Every structure is written in C-alpha cells, then in structure tokens.
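Visitor: coords below, sequence missing:
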C-alpha cells in the first residue's frame, strides 16, 4: 500500500528511511509549537488556543503536501510572518488580530487562484538554473545562521554580531545570565555540532536526529549534575518534560473562525495583504528551490515536477490555518533536515504530520526539546545545502555575481524572499546593461519580477 501511494522504489528509498527523515524534520521544526503561540500572544491571542491551531495547521498542511505532491516537505506557520503579524500589523498599525487573520485568509484564497492558474509555477520555472543553485546555498547559510543564533553561539554586539561571551550576552540583552544557564547551553550546542558531524562522517543512519537526541540528553545530565540551572525569567527552562497539567489539549475556540471583513477595502489593508503575499510566495518558492535542489528533484531544465500540487498544498494550508486561528502556513526550510536524512517522498511528510498530531497530546515532551539541541542540526544541514555552490557557473561572471548577491543577501537581510529579490534584480540589471540578455534569452517574467521587486522597495 505504501509503495503504491508514495512510489518508494521509484524514488530509491524505503519505509525506514522515510520515517527517520520525517522524525528528523519534525524534531528540527518542533520549536514552532512553542515559539508561534508566544509571538501571537503579544497580539492578544490566547496562547493555548494558538498552540492547538499551530499543531493542527501544521498537521493539515503537511498531509496536503504528502498527498497532493508526494514530496518530503513539511508546513507550519512561518517565522517572520508571525512576527510581522503581531508586531507590525497588530501593534504597529493598530489592526485587531481578527482583521489581521482575515488578511492571511484572503492571501490564502489569492494563492489558491494563482496556484491553479500556473502563475506561481511560471515564476518558479522563470528563475535561471544558476540562480536556483544560489538560492539553495543562500538558504544553507541562512539556516546555519539561525542555528548559531538559536544556540547563542552568535550574539548581537558592537560589530552587529559577535562570538558568545556571558558579558556580551548580558550587555546585548540587558540580563544577568551566567555560565550555569546560558553559558553551558552554548557549550552543549558546540558539542552537539561536533557529535552530529562525527555521526555524519561515520555515515550513521539518522545522524541528524541522533545528534538532536544526544545533545538533549547531555543537557538533561548537566541539569541533574547542577551544571545547568534553569532560569525561566531569562528563557532557560527545565529540560525534562512537564506533565503537571496532564495531556489535555488546549481549547482552540478562542481563535477558531475569528475572521472579520470590516475595513478590508482600505489601502492599508491591501498593503498588508500584499506584504503577506510577497513574503509567503517567495519564501515558499525559495524553500522549494533550495530543498528540491539538494534532493536532486529538479529536472534537467531546472523545473520541479508536480510543483502545482506543492504550491496548492501551501495555499490551502494558509487558508485553513487562518480559519483555525494562526498566521500564514508555509513550507519550512527545516524540511532540508529530513531530505538530508534521505527523505524523498510524501511518506516523510506523513510521518512529520502524524508527529504534529501527536504533539497535541504529548506537548510536554516536544516543547521540552531545547533550541540548543536542534541548533546543531540546522548548522550541519546548512553545510549540506552549501555544497550546491559547485553547481554555479563561476566562469560566467554575469551569472556568478547575481548568485553571489542572492547568497549573501539571505543571511545578512535575514530573509529568503529578500535574497531572491536581490538576486533577480541583479541578474536582470547586469545582463541587460552588458548586453547578454539576447544570448541567454532571459524570460519576460524575469523582467516583470525585477520591476515588481524594485517597486516594492520604493513603495513599501
């Protein structure tokens, strides 16, 4: 049955590999179950209800990806978009969270239409092969940077970013942390990177997942030994699951179906929808390009077979997520961790989706996984994606320079979509000015994208 559904042999994989990959993907993105509710609580939303909505939206979206596209990609409410929702739209612009959720819902409807009419697929296919490889490399650096930050190995400082020190951490965050809370977690994360790297070099099956679990266990041992002392006020919690509240599922009703269409025809509301549209569209396209490139899923023309199903799954998930009571549900870059483990079909996604479903009942376990344990996975997966740099033609500078801009923009601007924007604008501008557009046959859609990106920077 599984073979018939997911075509495992055709994709050179097996059930064990797919299940391990799905578990790994879930472990690297389980943090969203804790982070998303805390961010949306700032907007006045019920934290418990948002937790349930987050798990359900991730479950539904990831299952849709499995059955509409048979790809090993997982979906969840996107980071960045949830912060924009809470801090900019609700707190900054003064909209009620119900109105902001409606903007996300409308965005999802527009995406469904665009996906059915091949507009998003055409954009994906219009991006040149070299630039697609660059997107993968840029995402690798981006998620490695996220991993370094999650582990506090890199902190903000006088030079924007600097290597961790307890004094530097306290100065940057205005806290009174010590080696026994923040310091030991940094050391554990570094040890986790070393352990995961050794497992990768030894080609141990499930190396990324084992890296996460071993790092977590080491943290628990340190807690028992008194080397790690939880400090909830600074965000350093106990590493053992807390079952004091049982296994009950928080009610979703405080946020479920709370859509309101008052004031949706105002200019500000249209700007909000466009912002959601832009970031979600190009984050998704960038993630699909990057992860699919790493998994060798692109054909000889750089196209992704069954992309319509993948984009449609993403669009429907966004609409469903808004109805459930959470922000834009999108394809997660952490899917690369499962692909690195060998995941190649929708069975990986089904495994991840099932774990999101179980998380509703076993939330204390999954919420106990600390960021310093998942950070090494992101750092090592970043290395895997960085290897795509060899697919860029550096002999043609008109190809290589836009790729370079795309790559550095993602981590430095902290955005996949901004990296794509800069890459496309630079690619079109340099090839147009140097007269190389004729020999390369740059598509009309690339010109349109470049103009739209420039207009975005002018007016938004």
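Guide: Looks like it came in fine. Since the structure is predicted, the reported quantities are computational estimates derived from the model, not experimental observations.
Visitor: what distance do you get for the residue nearest to residue 313 when sequence neighbours are not counted to residue 232?
Guide: With Cβ to Cβ, 6 or more residues apart in numbering as the criterion, residue 313 has its nearest non-adjacent residue at 3.8 Å, and that residue is residue 64. Any C-beta I mention is one placed from the backbone N, CA and C, and that applies to glycine too. Residue 64 sits 36 Å away from residue 232, going by Cβ to Cβ, to the nearest Å.
Visitor: same deal with residue 54?
Guide: Counting by Cβ to Cβ, the gap from residue 54 to residue 232 is 21 Å.
Visitor: so where's the stretch 351-460 of the chain uncertain?
Guide: Residue ranges of the stretch 351-460 of the chain with pLDDT under 70: 460.
Visitor: which one of residue 64 and residue 232 has more residues nearby?
Guide: residue 64 (24 against 9; other Cβ atoms under 10 Å).
Visitor: ok, now which ones touch the more buried one?
Guide: With contacts defined as Cβ atoms under 8 Å, 6 or more residues apart in numbering, residue 64 is in contact with 75, 312-313, 316-317.
Visitor: element containing the nearest residue to residue 75 once chain neighbours are set aside?
Guide: Sequence neighbours aside, residue 61 is the residue nearest to residue 75 in space, at 3.2 Å (criterion: Cβ to Cβ, 6+ apart). Element membership for residue 61 (DSSP states H and E) is helix 47-69.
Visitor: buried sites along that helix?
Guide: 47-66, 68-69 (16 or more other Cβ atoms under 10 Å).
Visitor: which residues touch stretch 252-263?
Guide: Contacts for stretch 252-263 (Cβ under 8 Å, 6+ apart): 45-46, 49-50, 52-53, 56, 96-99, 101-102, 105, 269, 322-326.
Visitor: measure residue 158 to residue 168 for me?
Guide: In terms of Cβ to Cβ, residue 158 sits 9 Å off from residue 168.
Visitor: same question but for residue 192, I mixed them up
Guide: 21 Å.
Visitor: same question for residue 411.
Guide: With Cβ to Cβ as the criterion, residue 411 and residue 168 are 20 Å apart.
Visitor: which of the two has more residues huddled nearby?
Guide: residue 411 (20 against 16).
Visitor: just the element for that one, please.
Guide: helix 397-413.
Visitor: which stretches of the chain form strands?
Guide: 75-77, 154-157, 160-163, 329-331 (DSSP state E).
Visitor: isn't residue 89 up against residue 102?
Guide: No - assessed by Cβ atoms under 8 Å, residue 89 is found out of contact with residue 102, at 10.8 Å.
Visitor: between these two, which is the more surrounded one?
Guide: Per other Cβ under 10 Å, whichever of residue 89 and residue 102 has more neighbours is residue 89, with 26 against 23.
Visitor: tell me how far that one lies from residue 110.
Guide: 17 Å.
Visitor: what of residue 130?
Guide: 30 Å.
Visitor: so these two - more neighbours on which side?
Guide: Shown here are residue 130 and residue 110; by other Cβ under 10 Å, residue 130 has more neighbours (22 against 18).
Visitor: include mean neighbour count and distance to residue 274 when you put the strands of the chain into CSV, please.
Guide: Rendered in CSV, the data for the strands of the chain read as follows (neighbours: other Cβ atoms under 10 Å; distance: least, Cβ to Cβ, whole Å):
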stretch, mean neighbour count, distance to residue 274
strand 75-77, 31, 19
strand 154-157, 17, 30
strand 160-163, 12, 29
strand 329-331, 29, 16
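Visitor: got CSV for those, with distance to residue 433 and mean pLDDT too?
Guide: Putting those into CSV (distance: least, Cβ to Cβ, whole Å; pLDDT from 0 to 100) gives the following:
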stretch, distance to residue 433, mean pLDDT
strand 75-77, 39, 94
strand 154-157, 37, 92
strand 160-163, 31, 92
strand 329-331, 34, 91
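Visitor: can you redo the ones you listed as CSV with distance to residue 381?
Guide: Conversion of the strands of the chain to CSV gives the following (distance: least, Cβ to Cβ, whole Å):
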stretch, distance to residue 381
strand 75-77, 16
strand 154-157, 17
strand 160-163, 20
strand 329-331, 15
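Visitor: now residue 413. Nearest residue, chain neighbours left out?
Guide: Residue 413 sits nearest to residue 419 (Cβ to Cβ, 6+ apart), 6.7 Å away.
Visitor: show the contacting residues for residue 288.
Guide: 73, 124, 304, 307, 310-311, 331 are the contacts of residue 288 under Cβ under 8 Å, 6+ apart.
Visitor: just flag the most distant two among the residues you listed.
Guide: Across the contacts of residue 288, the longest distance by Cβ to Cβ is 13.7 Å; it joins 73 and 124.
Visitor: neighbour count winner among the two?
Guide: Taking other Cβ under 10 Å, residue 73 and residue 124 do not tie; residue 73 has more neighbours (32 against 24).
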